[in-house]
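Trainee: Mind looking at a prediction? Sequence and model below.
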Amino acid sequence: MPLEIRPATARDANAIADLHVASWRSAYRGMFSDTYLDGDITRERRQHWTKRLRTEPRSDQGVFVAVEDGACVGFICILLELDPEWGPCLDNLHVQPNRKGQGIGQRLIEAGAAWVKSRGTYHRWHLWVLEENTPSRRVYEHLGWKPQERAIRRAPDGTTYWGWRYLQALK
């Protein structure tokens, strides 16, 4: 069955949360604390995505899932009004660790960009990426994102890290 990109629904909350956990545990080892990554982040992420998709969805939010053979293999979340100075924010982009490098993330970004453009006269969007996450930084740069500024950010485990804000023009 071919890969399908579609808007997420409330029924997708647990699958998105589980993918989010798998992605963090794979990509952020050594960046977030082991105690946090090895803890009960599944419960925390399920609460987070249940809130975002079921109980308190934001009106400026777009969440899309990549589904193949009935399984969620990637997702993207965009927040239009998070930072008016920098434009819409690509808040989350995650692909199943064993599916990276297959173009799923690129297809999700394309769907996200199309959604942003359909919501107003936005000319750019931005994202934050951990400085140490060089694989993701390489992918974003390959897809035309440009680093803009470096800043200290707070991780979900309460620690701080250096991150980079990237911008991409919307064509």
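Mentor: That came in fine, so what should we check first? The structure displayed is predicted, hence computed values, not measured ones.
Trainee: Skip ahead from the helix or strand of the chain with the lowest mean pLDDT and say which helix or strand is next.
Mentor: When the helices and strands of the chain are scored by mean pLDDT, DSSP states H and E, helix 34-38 comes last with a mean of 93. Moving toward the C-terminus from helix 34-38, the next helix or strand (DSSP states H and E) is helix 41-50.
Trainee: Tell me the buried residues in that next one?
Mentor: Neighbour-count burial for helix 41-50 flags 41, 45-46, 48-50 (criterion: 16 or more other C-beta atoms under 10 Å). Every residue, glycine included, has its C-beta placed from N, CA and C.
Trainee: what packs against that helix?
Mentor: When contacts are defined as 3 or more C-beta pairs under 8 Å, 6 or more residues apart in numbering; DSSP states H and E, helix 41-50 packs onto helix 13-27.
Trainee: got the contact list for the nearest residue to G144 once chain neighbours are set aside?
Mentor: Counting by C-beta to C-beta, 6 or more residues apart in numbering, G144 lies nearest to Q168, which is 5.6 Å off, once chain neighbours are set aside. Q168 makes contacts with 113, 124-126, 140, 143-146, as judged by C-beta atoms under 8 Å, 6 or more residues apart in numbering.
Trainee: mind checking the SS state of Q168?
Mentor: Per DSSP: H, G, I helix; E, B strand; the rest coil, the local secondary structure of Q168 is strand.
Trainee: Which strand residues bridge it?
Mentor: The partner list for Q168 in beta bridges (DSSP bridges) reads W125.
Trainee: Quick check on the closest residue to R119 other than its chain neighbours: phi, psi?
Mentor: Sequence neighbours aside, L80 is the residue nearest to R119 in space, at 5.9 Å (criterion: C-beta to C-beta, 6+ apart). According to degrees, to the nearest 10, the main-chain angles of L80 amount to phi -70, psi -40.
Trainee: Who are the packing partners of the strand or helix carrying L90?
Mentor: Using DSSP H and E, the element containing L90 is strand 89-95. Applying 3+ C-beta pairs under 8 Å, 6+ apart, one finds that strand 89-95 contacts helix 13-27, strand 71-79, helix 104-118, strand 124-130.
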